[in-house]
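Chemist: take this sequence and fold it.
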Amino acid sequence: FAGVVYNYDQEGVHRAGSGWEQCISIPLVQPDMWELLQQWDNLLEEFSLEEAWLPHRYEEQQHNCFTFALAFINRVRRGRGRQPLSKGEFTERFLLPHTREASRYLALQQQLAHRDFFIVPLAQQEQQQ
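Modeler: Presented below is the predicted three-dimensional model:
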């Protein structure tokens with residue numbers, strides 16, 4: 001995927017085009033939500049400029065990057081007439097399924113790496129078939 005990652009820490013909001021290659025991408029918007037997809041970047045940029053995300057507001061346990069992501073998602077949900085998600089709901093529905101899947105892939109990769117198997121990328125031609 002190509003894009004920009006927004007993250008929030010004690011220095012405020014950061015936007016990065018690289019350095020997140022090892023992260024897990026969690027799709028939050030259905031492909032048929034074309035209108036929302038077109039607005040997403042602008043909504044996120046506007047949200048990130050709000051006073052709530054200034055560096056001095058950061059608090060490691062209660063007002064952090066997770067809070068930033070969940071608050072943005074809930075802002076979008078409210079704008080679409082949907083109920084906000086709690087931290088627990090968001091974790092259960094969106095984060096845990098993807099982290100479990102990633103964990104399974106990592107375990108498989110480690111097992112293969114220690115059993116004299118090699119993981120070789122497919123040639124471009126084979127990938128397209």
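Chemist: Ser103: how many residues sit nearby?
Modeler: Here the count is done by other C-beta atoms under 10 Å, and Ser103 has 10 residues near it. Where C-beta positions appear, they are placed from N, C-alpha and C, glycine not excepted.
Chemist: distance of it from Gly19?
Modeler: 22 Å (C-beta to C-beta, to the nearest Å).
Chemist: Asp41 too?
Modeler: Between Asp41 and Gly19 the distance is 19 Å, computed by C-beta to C-beta.
Chemist: same deal with Pro84?
Modeler: Distance from Pro84 to Gly19, by C-beta to C-beta: 30 Å.
Chemist: comparing the two, which shows the higher neighbour count?
Modeler: Legend: neighbour count by other C-beta under 10 Å for Pro84 and Gly19, higher for Pro84 (13 against 10).
Chemist: buried residues in the top helix by length along the chain, which are they?
Modeler: With DSSP state H setting the assignment, residue counts place helix 96-113 as the longest helix in the chain. Buried positions in helix 96-113, judged by neighbour count with 16 or more other C-beta atoms under 10 Å: none.
Chemist: same thing with stretch 5-15?
Modeler: If you call a residue buried by 16+ other C-beta under 10 Å, then stretch 5-15 has these buried ones: Tyr6, Asn7, Tyr8, Val13.
Chemist: now do the helices in this structure.
Modeler: Along the chain, counting by DSSP H, helices occupy 34-48, 65-79, 87-90, 96-113, 124-127.
Chemist: closest one to Glu59 among those?
Modeler: Distances from Glu59 to each of these were compared using C-beta to C-beta; the shortest belongs to helix 65-79, at 8.7 Å.
Chemist: got the contact list for the closest one?
Modeler: Identification of contacts with helix 65-79 by C-beta atoms under 8 Å, 6 or more residues apart in numbering yields 6-9, 13, 28, 36, 40, 43-44, 47-48, 52-53, 83-85, 87, 90.
Chemist: what do you get for stretch 18-31?
Modeler: Applying C-beta under 8 Å, 6+ apart, the external contacts of stretch 18-31 come out as Phe1, Val5, Leu36, Leu37, Trp40, Ile73, Phe94, Leu95, His98, Thr99, Ala102.
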